[in-house]
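**Student:** take a look and give me a structure for this.
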Amino acid sequence: MDYNIARMEISPKEYRFQTICLFILSTFAICVGMYYLKPVLIPFILSMFFTMMLTPVIDFLMKFLRCPRKLAILLTIMLGFLLISMFFLMISASIGQITSYASDYPSTVRQLLSDTVDKLPLERFGMEKEEVTKRFLETSANTVGNMMKGLASTLVSVLSSGFLVLIFMIFLLLGKQPPQHKEGSILHSIESRIKRFIGAMFFVSTLTGVLVGVALMILGVKFAFVFGILTILLNFIPNIGSIVATVLPIPVALLDPEMATWVKVLVFVIPTVIQLGIGNILQPKILGDSLQLHPVVILMSLVFFGMMWGIVGMFLASPIAAVVKIILEKIEYTQTIAQLMSGDIKSLSTDE
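**Tutor:** Numbering: from 1, shown residues only. Below you'll find the predicted structure:
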């Protein structure tokens, strides 16, 4: 009773201000918890996305092949285990291939630097070639080799949690009930939008990775298969991922003494054309407006989750931001934030 009386004495503006302050404090507390619980949260969220990807398989087995639900779930779990195992084997083989050649790159870098310095007219500027070569070698002799080893270690750290992801995914599939969410509900909106986004991105990323990998293989680039796999993975990171995937093969091509200059140019041009063609023509038609997020919001979520969870956070940034937006749309006091996240500034001005 006393609480109701105290609440009636608070004006609507004060009550709204208190609600916003509580929202900010709770958001800060959630971010702190996400950072310290990332060893568990990252595998769990990954397993949720894998479960969403495999749910249509369960529906297909039940609807068209007339399989009982338990049998359909069992077959889907076996399929998920097979796919994760194949992916793990491919990445492991790629890591072995990268590390086997990593020790050869320092000598190649030294030779490339020496040849480049010899062709530069450094004497006109009062600089000695030997001194310039020595300084360059001290700073950049092992750059490429360290980059490749660092890439390998990153992939290993990501794959190390694969077993935990599989365990979470099995329990999520076993505990998943037939869809009972009403249209327009939060759970229905989240599930339908994330499913549509994951399916479209999986198709677009796979097509891009296959085309880039085949093109690099035809050009004779080392690790062409590895760069194809990395293109598939990095394309799940909006905007930034495609740029990184295009740049990655360039150092390997530049340090290959047997590769002609025009081929090295094509190593940059062909992946760029593929990325621009699919990213600007095919991807918008397939994805449509599935996430309904402004590009600035996507970029900010990439930075935020990259700082929180590293490279895995960048993969999950866009879907998580879409989930947050859907939840904010359903809350009266946060609908304005949801409109800002979608870039709907006109509606805000009209409301005022």
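**Student:** ok, and what's touching stretch 311-320?
**Tutor:** With contact meaning Cβ atoms under 8 Å, 6 or more residues apart in numbering, stretch 311-320 is reached by 42, 45-46, 49, 154, 158, 194, 197-198, 233, 236-238, 240-241, 291, 293, 298, 301-302, 304-307, 309. (Glycine included, C-beta is placed from N, CA and C.)
**Student:** please repeat the previous calculation with a cut-off of 6 Å.
**Tutor:** Ile42, Ile45, Ile194, Phe236, Ile237, Pro238, Leu291, Ile298, Ser301, Leu302, Phe305, Gly306 (Cβ atoms under 6 Å, 6 or more residues apart in numbering).
**Student:** need those residues in a markdown table with neighbour count, distance to Lys325 and secondary structure, can you?
**Tutor:** As requested, the contacts of stretch 311-320 are exported to a markdown table (neighbours: other Cβ atoms under 10 Å; distance: Cβ to Cβ, whole Å; DSSP: H, G, I helix; E, B strand; the rest coil):
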| residue | neighbour count | distance to Lys325 | secondary structure |
| --- | --- | --- | --- |
| Ile42 | 22 | 21 | helix |
| Ile45 | 22 | 16 | helix |
| Ile194 | 22 | 12 | helix |
| Phe236 | 19 | 18 | coil |
| Ile237 | 22 | 18 | coil |
| Pro238 | 21 | 15 | coil |
| Leu291 | 23 | 8 | coil |
| Ile298 | 19 | 11 | helix |
| Ser301 | 23 | 10 | helix |
| Leu302 | 21 | 15 | helix |
| Phe305 | 21 | 14 | helix |
| Gly306 | 17 | 19 | helix |
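**Student:** nearest to Val323, of those?
**Tutor:** For those, the minimum distance to Val323 (Cβ to Cβ) is 7.0 Å, reached by Ile194.
**Student:** what sits against that closest one?
**Tutor:** With Cβ under 6 Å, 6+ apart, Ile194 has these contacts: Met52, Pro319.
**Student:** now with 8 Å, please.
**Tutor:** By Cβ under 8 Å, 6+ apart, the contact set of Ile194 is Phe49, Met52, Pro319, Ala322, Val323.
**Student:** do Lys38 as well
**Tutor:** With contact taken as Cβ under 8 Å, 6+ apart, Lys38 is in contact with Met308, Trp309.
**Student:** what are the ranges of the helices in the stretch 1-150 of the chain?
**Tutor:** 2-9, 12-36, 38-63, 69-102, 105-119, 129-140, 143-159 (DSSP state H, counting those that start in this stretch).
**Student:** I misspoke; the intended subject was the stretch 251-352 of the chain.
**Tutor:** Using DSSP H, counting those that start in this stretch, helices in the stretch 251-352 of the chain cover 261-277, 283-287, 295-330, 335-341, 345-351.
**Student:** so what touches the first one?
**Tutor:** To tie it back to what came earlier, the one meant is helix 261-277. By Cβ under 8 Å, 6+ apart, the residues outside helix 261-277 that reach it are 208, 211-212, 215-216, 219-221, 231, 242, 245-246, 249-250, 253-254, 256.
**Student:** count of residues packed around Met62?
**Tutor:** 16 (other Cβ atoms under 10 Å).
**Student:** so what pLDDT did the residue nearest to it when sequence neighbours are not counted get?
**Tutor:** With Cβ to Cβ, 6 or more residues apart in numbering as the criterion, Met62 has its nearest non-adjacent residue at 5.0 Å, and that residue is Ala72. With respect to pLDDT, Ala72 scores 86.
**Student:** hmm, Ala72 is touching Lys63, no?
**Tutor:** No. Taking contacts as Cβ atoms under 8 Å, Ala72 lies outside contact range of Lys63: 9.5 Å.
**Student:** show me which of those two is the more surrounded one.
**Tutor:** Neighbour count, other Cβ under 10 Å: between Ala72 and Lys63, Ala72 has more, with 20 against 10.
**Student:** quick one, phi/psi of Asn235?
**Tutor:** Main-chain torsions, Asn235, degrees, to the nearest 10: phi -70, psi -10.
**Student:** and it, how many neighbours does it have?
**Tutor:** If you count neighbours by other Cβ under 10 Å, Asn235 ends up with 25.
**Student:** tell me the SS of the residue lying closest to it once chain neighbours are set aside?
**Tutor:** The shortest distance from Asn235 to any residue that is not its chain neighbour, by Cβ to Cβ, 6+ apart, is 3.8 Å, and that residue is Ser205. Three-state call for Ser205 (DSSP: H, G, I helix; E, B strand; the rest coil): helix.
**Student:** tell me, how many residues neighbour Ser205?
**Tutor:** Burial of Ser205 is recorded as 22 neighbouring residues (other Cβ under 10 Å).
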